[in-house]
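Trainee: this one's sequence-less:
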């Protein structure tokens, strides 16, 4: 293992760090991977989609981990229909026993990166009450917009830009998550500009 950690390996370590935590599922996996990609400076091809920043690369790499039996995916139908007309499902991910030796090798090859992933997930978990997507999504949306603009923007501007992307994100949500983003060193908060 030379050079930079591969996307698939990063996601394997991420799933290992997240598994078993409250509310960890498909959406929170996408959001956690987004934060990790920024922390590590790794481009995982995130683009705006319905529920915030989304990466087809992350989804395909997780599917590959599942098909290779390094990760197990379980799906539970929750018995209701979402606003999009599709059944609401809960996805859970676990690393398999076969993945443990791979993770040990990654820890030896990329100790700093693995430590950063684990530390960030611990921080997110403690600040979002267990990787709750209802808290991770507004934070990811806010961060995505601030990164895309590349300058300080007000909570009102973020809310307006979110609406242009089709995201529901009000000023109170932006204000609420911006302190968490600042504590995680993703943004600097200055008065009502982020």
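Mentor: Done, it's in. Since the model is a prediction, treat every value here as computed from it, not as a measurement.
Trainee: Could you use CA atoms for every contact and neighbour count after this?
Mentor: OK.
Trainee: Just the element for residue 99, please.
Mentor: Element membership for residue 99, per DSSP states H and E: helix 97-109.
Trainee: hmm, I was thinking of residue 60
Mentor: For residue 60, the host element (DSSP H and E) is helix 56-67.
Trainee: Tell me what angle whichever helix or strand comes after that helix forms with helix 97-109.
Mentor: As assigned by DSSP H and E, the chain's next helix or strand after helix 56-67 is strand 71-81. On the basis of axes from the mean of the first three to the mean of the last three Cα atoms, to 10 degrees, strand 71-81 is oriented at 120 degrees to helix 97-109.
Trainee: hmm, who's touching strand 71-81?
Mentor: By Cα atoms under 8 Å, 6 or more residues apart in numbering, the surrounding residues in contact with strand 71-81 are 12, 62, 65-66, 87-96, 99.
Trainee: and if you look at stretch 92-109?
Mentor: Here stretch 92-109 makes contact (Cα under 8 Å, 6+ apart) with 1-2, 9, 12-13, 15-16, 19-20, 24-26, 69-75, 114.
Trainee: what sits against residue 169?
Mentor: Residues near residue 169 by Cα under 8 Å, 6+ apart: 138, 141, 159, 162, 163.
Trainee: and if we set it to 7 Å?
Mentor: 138, 159, 162 (Cα atoms under 7 Å, 6 or more residues apart in numbering).
Trainee: rewinding a little: I'd like to know which of the contacts of stretch 92-109 are buried.
Mentor: Those of those that meet the buried threshold are 9, 12-13, 15-16, 19, 24-26, 70-73, 114, by 16 or more other Cα atoms under 10 Å.
Trainee: Which ones among those residues lie within helices?
Mentor: In this view, those that belong to helices under DSSP state H are 9, 12, 13, 15, 16, 26, 114.
Trainee: Kindly present those as a markdown table, with separate columns for pLDDT.
Mentor: Output for these, formatted as a markdown table (pLDDT from 0 to 100):
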| residue | pLDDT |
| --- | --- |
| 9 | 97 |
| 12 | 97 |
| 13 | 97 |
| 15 | 97 |
| 16 | 97 |
| 26 | 89 |
| 114 | 97 |
